[in-house]
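Peer 1: Could you look at this predicted model? Sequence included:
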Amino acid sequence: MSLIDSYGRRINYLRLSVTDRCNLRCRYCMPAKGAQMLPHHEILSFEDLLRVAEQAVAAGIRKIRVTGGEPLVRRGILPFLARLGRLPGLQELVLTTNGILLGEMARGLKDAGVQRLNISLDSLKPETFSRITRGGKLSDALSGIEAAEKAGFPPHKINVVLMRGVNDGEIMDFVELTRERPYNVRFIEYMPTHSGNWRAFSIPGSEVLERIAERYLIEKLAPGEHSGPASNFRVRGAQGSLGIISAMTGHFCGSCNRLRVTAAGMARGCLFSGDGVDLRPLLAAGDDTLLRQEIRNIVQAKPAGHEMKGRAAFPPASFHMSGIGG
Ligand SMILES: Nc1nc2c(ncn2[C@@H]2O[C@H](COP(=O)(O)OP(=O)(O)OP(=O)(O)O)[C@@H](O)[C@H]2O)c(=O)[nH]1
Ligand SMILES: C[S@@+](CC[C@H](N)C(=O)[O-])C[C@H]1O[C@@H](n2cnc3c(N)ncnc32)[C@H](O)[C@@H]1O
Ligand code: SF4
Ligand code: SF4
């Protein structure tokens, strides 16, 4: 079974958000105060999340990335992941995290069958890290990253959302990190949110690459099985690699393979496509065949791309990265 959308793209990757809560408050993701968290009864139960995942896999999804909010703050996440990983037909179970809880949970994640981790780390300086995350401790994130390495995960992808004047002075420090460690450090263009003046902060991926190329000899890497939305590069002689995720200026929409389901059970064909489709009535009706058909319908209605340029108001009122899962 495979899911092909109306533009001929094969949709085989589900980003499943398990919570909209988080132990950090990153400036680019959540407002300082008054983030409206979903009441507990509106968050899908693990049973319902499993039903959605099961029907998505039956329809053609092969990879599930568990995200949030911070997925590791949801109670019961490890047994849930172990059950998710056992779904027949699912080939990859991966997770995106801020790393803060990995010190205590990395081993459990490995045992639950999570295959790879993408970890957000926006600064290597304690003060800047704390400023961006509104109070997070860099040492917690770094020890989490180390614990995950010790638990036997393959080299991590490290996600860095660049913000002009905030952490772009650290680009070369992150480049140096790839010389010492086998990580794939990915610089991400700041995407629109309600939490601030994103236009002033967003740095085009092309500029980042130019700045690196002024200092280092870099070579482009061929797209690999795990390169995802990033264009990847390597500084000559480095153990790790660099990625550019041009979420705003770039054009990975043409090869987009994703579907999203939020913790509230809203399915979206595109990160930026409005409110999405509410799966809860179908879950409540208990008809999994209809659920699978709805997943196919959403894939059919998936837009060609984000089309932000043509929009008078962006982002839409319903848009919160922490609520959608990035
Ligand atoms: N515009 C856009 N941004 C995305 C999409 N998927 C992920 N991102 C962004 O890319 C960054 C990294 O996301 P991750 O959660 O690490 O996932 P990923 O890069 O898709 O992961 P893999 O391809 O599975 O390695 C985040 O800023 C996401 O918000 C997408 O489909 N569209
Ligand atoms: C919403 S977070 C959820 C997972 C986890 N809490 C974390 O931070 O890795 C998923 C990804 O979205 C990214 N993200 C959040 N807001 C963003 C924004 N405005 N622009 C670009 N990336 C963003 C984060 O950096 C992270 O890599
Ligand atoms: S990016 Fe991740 S860690 Fe930061 S506030 Fe959003 S959900 Fe939390
Ligand atoms: S913006 Fe939409 S279509 Fe483009 S890559 Fe992201 S999810 Fe896919």
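Peer 2: Alright, I've got the coordinates. Ligands and ions are numbered 1, 2, ... in the order given.
Peer 1: starting at the chain centroid, how far to the host helix or strand of L283?
Peer 2: Assigned by DSSP states H and E, L283 belongs to helix 280-285. Centroid displacement of helix 280-285 relative to its chain, using Cα atoms, centre = their mean, to the nearest Å, is 26 Å.
Peer 1: What average pLDDT does it get?
Peer 2: Across helix 280-285, the average pLDDT comes to 96.
Peer 1: so how far is ligand 1 from T67?
Peer 2: Computed as Cβ to the nearest ligand atom, to the nearest Å, the T67 to ligand 1 distance reads 6 Å. In this view, the C-beta of every residue, glycine as well, is placed from N, C-alpha and C.
Peer 1: so what's that residue up against?
Peer 2: Going by Cβ atoms under 8 Å, 6 or more residues apart in numbering, T67 touches R15, L16, S17, V18, L95, T96, G325, G326.
Peer 1: ok so, going back, just the buried positions in the helix holding L283, please.
Peer 2: L282, L283 (16 or more other Cβ atoms under 10 Å).
Peer 1: would you list every one of the strands in the stretch 201-326 of the chain?
Peer 2: Listed in chain order, the strands of the stretch 201-326 of the chain (DSSP state E, counting those that start in this stretch) span 218-220, 231-235, 241-245, 258-261, 266-268, 277-278.
Peer 1: Just put those in TSV and tack on mean neighbour count and distance to H40.
Peer 2: Formatted as TSV, the strands of the stretch 201-326 of the chain follow (neighbours: other Cβ atoms under 10 Å; distance: least, Cβ to Cβ, whole Å):
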stretch	mean neighbour count	distance to H40
strand 218-220	13	47
strand 231-235	19	40
strand 241-245	24	33
strand 258-261	24	18
strand 266-268	21	17
strand 277-278	16	18
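Peer 1: and P71, which of the ones you listed is closest to it?
Peer 2: strand 258-261 (13.1 Å; Cβ to Cβ).
Peer 1: Mind listing the strands the closest one pairs with, and their directions?
Peer 2: strand 13-17 (parallel), strand 266-268 (antiparallel) (DSSP bridges).
Peer 1: what does that strand contact?
Peer 2: So strand 258-261 is contacted by 3, 11, 13-17, 49, 52, 56, 61, 267-269, 271, 276, 279, 295, 298-299, 302, 324-325 (Cβ under 8 Å, 6+ apart).
Peer 1: restrict these to contacts with ligand 2.
Peer 2: Among the contacts of strand 258-261, the residues that sit close to ligand 2 (Cβ under 6 Å from any ligand atom) are G325.
Peer 1: circling back: farthest-separated two in the contacts of T67?
Peer 2: Farthest pair in the contacts of T67, by Cβ to Cβ: V18 and G326, 12.9 Å.
Peer 1: Excluding residues flanking it in the chain, which one is nearest the residue of the stretch 101-250 of the chain found nearest ligand 3?
Peer 2: Here the stretch 101-250 of the chain gets closest to ligand 3 at one residue, S120, 5.7 Å apart by Cβ to the nearest ligand atom. Nearest non-adjacent residue to S120, counting by Cβ to Cβ, 6 or more residues apart in numbering: N159, 4.5 Å away.
Peer 1: swap in G113?
Peer 2: G85 (3.2 Å).
Peer 1: Next up, the contacts around the one you found.
Peer 2: L93, A112, G113, V114.
Peer 1: gap between it and ligand 2?
Peer 2: Distance from G85 to ligand 2, by Cβ to the nearest ligand atom: 18 Å.
Peer 1: Bridge partners for the residue nearest to S120, pull those for me.
Peer 2: Applying DSSP bridges, one finds that N159 bridges with S120, R186.
Peer 1: hang on, isn't it packed against T96?
Peer 2: Yes - using Cβ atoms under 8 Å, N159 is in contact with T96, at 7.4 Å.
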